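Enquirer: Structure for the following, please:
(one chain, ligands or ions: 1)
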Amino acid sequence: MARVRTGEKIMLTIPLAKSCIPIGGTRYAPDWESEVKLSSAAWQHSRLTAAAEALFAGRECRVSEGEGTEASCYELHWGPQEERLESGTAEMPEVLPPQGYRLSLRGRTATIASGDAAGLFYGIQTLRQLLAGLEPGACLEAANVVDWPDVPLRCMNYDLRQTFSKPELLVDYIETMASFKANALLIEYEDKFPFAEEPQRAFRHPRHALTDGQLDRLLEAAERSFIEVIPLQQTFGHLEYVLGREEYKHLRETEESTGELCPSRPEASALVCGMLEELAARHPRSRYLHLGCDEVYSLCECAVCREAFGGSRNMAFLAYVNRLVDFTCELSKKPIIWQDVLAECSDEELALLDKRVTVMSWHYNGKNVSRLVTPLLTRLQELGVEVMGAPSVRCFDAKDDQNYPLVRERLANIEQWTAIAAERRLCGLVGTNWTAVFSLGVPYGVFETSWYTMACFADASWNRKRGSGANGTSGRSEAADASSGSNPNGSSSSGQLSPPLPFIDRFLHVFHGVAPETAERLLGNRDDEDYYSSMPKLLDAVTRNAGVARLIAALLDFERAADRSRTIHKYAYRRELYPDSEPEWRSLSNNYRITREGLRRSRERIAEELRAFQPDDMAEHYVLSRFYLHDCLDERLYREMGLRE
Ligand SMILES: [Zn+2]
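Expert: Numbering: from 1, shown residues only. Coordinates of the predicted model:
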């Protein structure tokens, strides 16, 4: 029998499976030579045959003779023909929830069964993660896995307003999102949408608008990966790229509101409806169309609106939104709006909202998200309005020049929202992943640094009760070994016999190929908040997504250099106090020399790593945003002081 390593434990997946029961201390050794058989329902589903072919590259996939059962007609069997599957344990629900699957691993055979195509796809994703962590000849504990999601719609987010990843990477990343079992993707294109119709054709970004081909590839990748794209078209606020143009300035609510539309102008509605029409047509498979409608600060300030709505911001909002909802429904899309203004509406006003809309409630900060959002969610649900929640995996966090997500805040926000989703039975959660406050803002971090918080969001919205956040891994392997022969009925509430490894260990294993023993050896005590700060110590051990690891390490290096550079401007006052002192001058110039060199090195390092992910001019934009102040001080203050030749 092949050896089993601690790092090859069955529970090392993202998301963590709901229930994983080891089978009596036995092993599963993949039979790499076996052919792959799909039930006829699965065989006829092109997305499933493609997923199976991607997993079992080079091996033959065939249709099996058996039909499966009605409850699990989507089946995959990989192993010797003589080993028949024996799925099911005392714990397994008779009927799996939608998107659920059973995975059985024993002997030399893996079988996956599901009642729907998505479920089989997610079973394949689990098997794929397990096999990716195996060395040739190694094996896993034999186990029965039963798994299904807590939140039906688990949505990731592309924000294309500011700096973002190269178009080909945007396509590749969809597969990674699906491997974490995300099943939707909210895309805010802004001026990166390849508008073809007049007048919006003029809004296309001159360099970074996606081409038709790039958008096709993006949408095809999403379709292949069971990911529903939700296009977002701003229709009220955040329209700087339109209203910043001289010819549309007159459609602003006020001259100062550079991105906010006046809802009383027919020309404004016509413009927005034209854009919605084009987005709807380009996303024929999408059920939803997001209309934005957040942060409309200047609402009802113009004379026409004040007159028309008696000065009521809420009535102005509702009247405009209801018109948009009606228009969007006629396009056969279900409209979504952010909740902002609705929270201020009275019960009478809220009752006027068109019930066909879906309201997305966003709240990213603090410890009391539930207390803040529940009143409105309850009122909307009582009116029969569908609601979704929006935590954030990357957002302002009072620090818009952050280089990677503020992990403590983001993990806490995700945990709170998954609890709210369970309590309020929300149909979906979106892990918003913002690139800047707004189009004219400073870029927040870099998309690639948010894989950790994205994966945490996927993990939590699939399996909220997974145990996580405990320190270290010591004792885990013994617990797992001791439990593997025990009675399956002794499982905990989450169905796990042994305590699952903390999220950071599972992420390092799945995303970076770092085994838990290696993380233990290199990091020692650690918890889920230590991912970013741990990266320099892990660089040599990383075998997957090494570019992401190097980028994070480069950004940390910059932060150290930038922190240190404050020594110069902190001590510059001493030069003014003691202009004739040679030791004071030495102290200052020594500090200047060292910190300037540190900044120079980190600048080159960031630029190099970033160019792997972003178009050159976006990478340059990012670097300048971080070094602008340092450059200014250098050019002005330090030159004037004689520090710089
Ligand atoms: Zn107005």
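
Enquirer: and His45, what is it in contact with?
Expert: Contacts for His45 (CB atoms under 8 Å, 6 or more residues apart in numbering) come out as Tyr74, Ala117. For every residue, glycine as well, the C-beta is placed using N, CA and C.

Enquirer: roughly how far apart are whichever residue of the stretch 351-500 of the chain sits closest to the ion and Val146?
Expert: Closest to the ion within the stretch 351-500 of the chain is Leu352: 18.9 Å, counting by CB to the ion. Distance, Leu352 to Val146, by CB to CB, to the nearest Å: 45 Å.

Enquirer: Let me know whether the residue of the stretch 351-500 of the chain closest to the ion touches Leu318 as I believe.
Expert: Yes. Taking contacts as CB atoms under 8 Å, Leu352 lies within contact range of Leu318: 5.2 Å.

Enquirer: More neighbours: those two, which one.
Expert: Leu318 (21 against 13; other CB atoms under 10 Å).

Enquirer: I figured the more buried one was touching Cys345, is that so?
Expert: Yes. The criterion here is CB under 8 Å, and Leu318 meets it with Cys345 at 7.2 Å.

Enquirer: Get me the contact residues on the stretch 201-350 of the chain for the ion.
Expert: Within the stretch 201-350 of the chain, the residues that sit near the ion (CB under 5 Å from the ion) are Glu253, Cys262, Ser264, Cys302, Cys305.

Enquirer: Among those residues, which one has the most neighbours?
Expert: Busiest of those [other CB under 10 Å] is Glu253, holding 27 neighbours.

Enquirer: ok, that residue to Phe203 distance?
Expert: In terms of CB to CB, Glu253 sits 19 Å off from Phe203.

Enquirer: show me the contacts for the residue of the stretch 351-500 of the chain closest to the ion.
Expert: Going by CB under 8 Å, 6+ apart, the list of residues near Leu352 reads Leu318, Asn322.

Enquirer: so the residue nearest to Arg306 when sequence neighbours are not counted, which of the three states?
Expert: Using CB to CB, 6 or more residues apart in numbering and skipping the chain neighbours, the partner closest in space to Arg306 is Cys300 (6.1 Å). Following DSSP: H, G, I helix; E, B strand; the rest coil, we place Cys300 in the coil state.

Enquirer: Tell me if I'm right that Cys300 and Phe309 touch.
Expert: Yes. Cys300 lies in contact with Phe309 (CB under 8 Å); the separation is 5.9 Å.

Enquirer: Give the residues shared as contacts by the two.
Expert: Ala316.

Enquirer: Spatially nearest residue to whatever residue of the stretch 1-150 of the chain ends up closest to the ion (excluding sequence neighbours)?
Expert: The ion sits closest to Asp150 of the stretch 1-150 of the chain, with a gap of 42.5 Å, by CB to the ion. Computed as CB to CB, 6+ apart, the closest residue to Asp150 that is not its neighbour in sequence is Arg464, at 5.0 Å.

Enquirer: What of Cys61?
Expert: Using CB to CB, 6+ apart, the closest residue to Cys61 is Val36 (4.5 Å).

Enquirer: tally of neighbours for that neighbour?
Expert: 19.

Enquirer: Next up, the contacts around it.
Expert: Going by CB under 8 Å, 6+ apart, the list of residues near Val36 reads Ala52, Phe56, Arg59, Glu60, Cys61, Arg62, Leu76, His77, Trp78.

Enquirer: and with 7 Å instead?
Expert: Ala52, Phe56, Arg59, Glu60, Cys61, Leu76, Trp78 (CB atoms under 7 Å, 6 or more residues apart in numbering).

Enquirer: again with Arg161
Expert: Applying CB under 7 Å, 6+ apart, the residues near Arg161 are Glu188, Glu190, Thr435, Ala436, Ser439.

Enquirer: distance of it from the ion?
Expert: 24 Å (CB to the ion, to the nearest Å).

Enquirer: So for that residue, what's the pLDDT?
Expert: Confidence at Arg161, expressed as pLDDT, is 95.

Enquirer: how about it, phi and psi?
Expert: Dihedral pair for Arg161: phi -80, psi -30, per degrees, to the nearest 10.

Enquirer: Make 49 the first number, not 1, from now on.
Expert: Okay, using 49 as the starting number, the last item reads as Arg209.

Enquirer: if I look at Tyr621, how far off is the ion?
Expert: Taking CB to the ion, one finds Tyr621 at 51 Å from the ion.

Enquirer: Just to be sure, that residue is in a helix?
Expert: Yes. Checked against three-state DSSP, Tyr621 lies within a helix.

Enquirer: What is the burial count for it?
Expert: Counted with other CB under 10 Å, Tyr621 comes out at 9.

Enquirer: The one 3 residues further on too?
Expert: By other CB under 10 Å, the residues close to Glu624 number 9.

Enquirer: From the ion, how far out is it?
Expert: 53 Å.

Enquirer: Give the rounded mean pLDDT of the helix or strand hosting that residue.
Expert: Applying DSSP states H and E as the criterion places Glu624 in helix 594-625. Helix 594-625 shows a mean pLDDT of 93.

Enquirer: Buried residues of that helix, list them for me.
Expert: Using 16 or more other CB atoms under 10 Å as the test for burial, helix 594-625 gives 596-607, 609-610, 613, 615-616, 620, 623.

Enquirer: which helices and strands sit right next to whichever helix or strand comes after it?
Expert: Later in the chain than helix 594-625, the nearest helix or strand by DSSP H and E is helix 630-659. Secondary-structure packing of helix 630-659 (3 or more CB pairs under 7 Å, 6 or more residues apart in numbering; DSSP states H and E): helix 594-625, helix 664-681.

Enquirer: In the last one, which residues are buried?
Expert: Of the residues in helix 664-681, those with enough neighbours to count as buried (16+ other CB under 10 Å) are Met666, Ala667, His669, Tyr670, Val671, Ser673, Arg674, Phe675, His678, Leu681.
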